[in-house]
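In: I need the structure of the sequence given here:
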Amino acid sequence: MSTRIDDRFNALKAEGRAALVTFVMAGDPDPATSLDIVKALPAAGADVIELGMPFTDPMADGPAIQAAGLRALKAGMTLRKTLKLVTDFRAGDNETPIVLMGYYNPIYVYGVDKFLADARAAGVDGLIVVDLPPEEDQELCIPARDAGLNFIRLATPTTDDRRLPKVLENTSGFVYYVSLTGITGAALADYAGVSQAVKRIKGHTGLPIAVGFGVKNAANAAEMARTADGVVVGSALVEALKASLDAGNKASPQSVEAVTSLVASIAGGVHGARSPAPAKIGAFSWLTRLWS
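Out: Just a heads-up that it's a prediction; the model follows:
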């Protein structure tokens, strides 16, 4: 049975373009504003929405996303309220895929079976749980698959050809390729290296490959979208939201637009990435298109 994630990537493949996957933290800077932002993302150009599940010890995240999670927790956000946010979003949008991204501890405390049932009922389509390796698939990955949810794995520059089959074994929906080593928001990616990595991973799977980490603007996104099936942007959106907040980290009238205007700009880069190349291009651009 296909999911919304499968359907969305299949539709975009038919259109000949990559997906824009947008990450925002559920409940940042408060539950109501967060819902307004999520509701506005599809019209701004988001094809898939990743919702961060706030957690007190987000070890894989950089300062921007860590701060977003703390703002959300301070505003009273919980995993139960995150699922309620998805339910409220689904009241007006039954097509845009929603992926919850975060860490296993809050799910474990919630109860795996109850969480999966509630997530499915709320309209969640997939999960990215960054601290559960493939060796622990019985904990959540396989139960999630059996519940009808995609379980999306991360591959990194250090995931070699011996390790990759294990990473991909129970992965579904898409593969999230982390384009650099380190925490979120840390640096810009090496585009040529990303192109080679995407090609290598595609040799092991027919799943779409979405590339994240290091995407800051439309130009970054366009470079990624020439080779990848999806482009993930997160820290840049979180930082744009932070810049719109008042001195007390409260939402301002500009907060929703601060996120959606950046999404619209980046979407323009993604959508135009596979347009025919101009007659004269630089050597680096030529190599990028060649590898794509």
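In: Just list the residues touching the closest residue to Leu164 other than its chain neighbours, thanks.
Out: Closest residue in space to Leu164, ignoring its immediate chain neighbours: His204 at 5.1 Å, by C-beta to C-beta, 6 or more residues apart in numbering. Quick note: C-beta positions are derived from backbone N, CA and C, even for glycine. Contact partners of His204, counting by C-beta atoms under 8 Å, 6 or more residues apart in numbering, are Asp161, Leu164, Pro165, Leu168.
In: do the same with Phe23
Out: Under the criterion of C-beta under 8 Å, 6+ apart, the contact partners of Phe23 comprise Glu50, Leu51, Gly52, Ile65, Met101, Gly212, Val232, Val233, Gly234, Leu237, Val238.
In: Next one: the second one from Ala19, what distance?
Out: Pointing back at Leu51 there. Taken as C-beta to C-beta, to the nearest Å, the spacing of Leu51 relative to Ala19 amounts to 16 Å.
In: before we move on, back to that, strands - which of the contacts of Phe23 land there?
Out: Secondary structure from DSSP state E places Glu50, Leu51, Gly52, Met101, Gly212, Val232, Val233 of the contacts of Phe23 in strands.
In: could you dump these to TSV with neighbour count and pLDDT?
Out: Below are those laid out as TSV (neighbours: other C-beta atoms under 10 Å; pLDDT from 0 to 100):
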residue	neighbour count	pLDDT
Glu50	26	98
Leu51	24	98
Gly52	27	97
Met101	24	97
Gly212	24	89
Val232	29	96
Val233	30	95
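In: ok, back up a step: of the contacts of Phe23, which is the nearest to Tyr177?
Out: Distance to Tyr177, by C-beta to C-beta, is smallest for Gly212 among the contacts of Phe23, at 7.3 Å.
In: Quick check: the closest one vs His204, distance?
Out: 19 Å.
In: Check Gln138 too.
Out: Here the distance between Gln138 and His204 works out to 22 Å (C-beta to C-beta).
In: thinking again about what came up before, could you give me the PyMOL syntax to select whichever of the contacts of His204 are buried?
Out: Only the buried members of those end up in this PyMOL selection, burial being decided by 16 or more other C-beta atoms under 10 Å:
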select buried, resi 164+168
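In: Show me the contacts of His204 that map onto helices.
Out: Among the contacts of His204, DSSP state H puts Leu164, Pro165, Leu168 in helices.
In: What residues does the first one make contact with?
Out: To tie it back to what came earlier, the one meant is Leu164. With contacts defined as C-beta under 8 Å, 6+ apart, Leu164 is in contact with Ala155, Ile201, His204.
In: cool, Asp88 as well?
Out: So Asp88 contacts Leu35 (C-beta under 8 Å, 6+ apart).
In: Now distance to Lys250 too, for the ones in helices among the contacts of His204, in JSON lines please.
Out: Formatted as JSON lines, the entries for those read as follows, by distance: C-beta to C-beta, whole Å:
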{"residue": "Leu164", "distance to Lys250": "45"}
{"residue": "Pro165", "distance to Lys250": "48"}
{"residue": "Leu168", "distance to Lys250": "43"}
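In: Now distance to Arg71 too, for the contacts of Leu164, in CSV please.
Out: Output for the contacts of Leu164, formatted as CSV (distance: C-beta to C-beta, whole Å):
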residue, distance to Arg71
Ala155, 30
Ile201, 34
His204, 38
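In: between the residues you listed, which is nearest Arg90?
Out: Looking across these and measuring by C-beta to C-beta, the closest to Arg90 is Ala155, at 29.6 Å.
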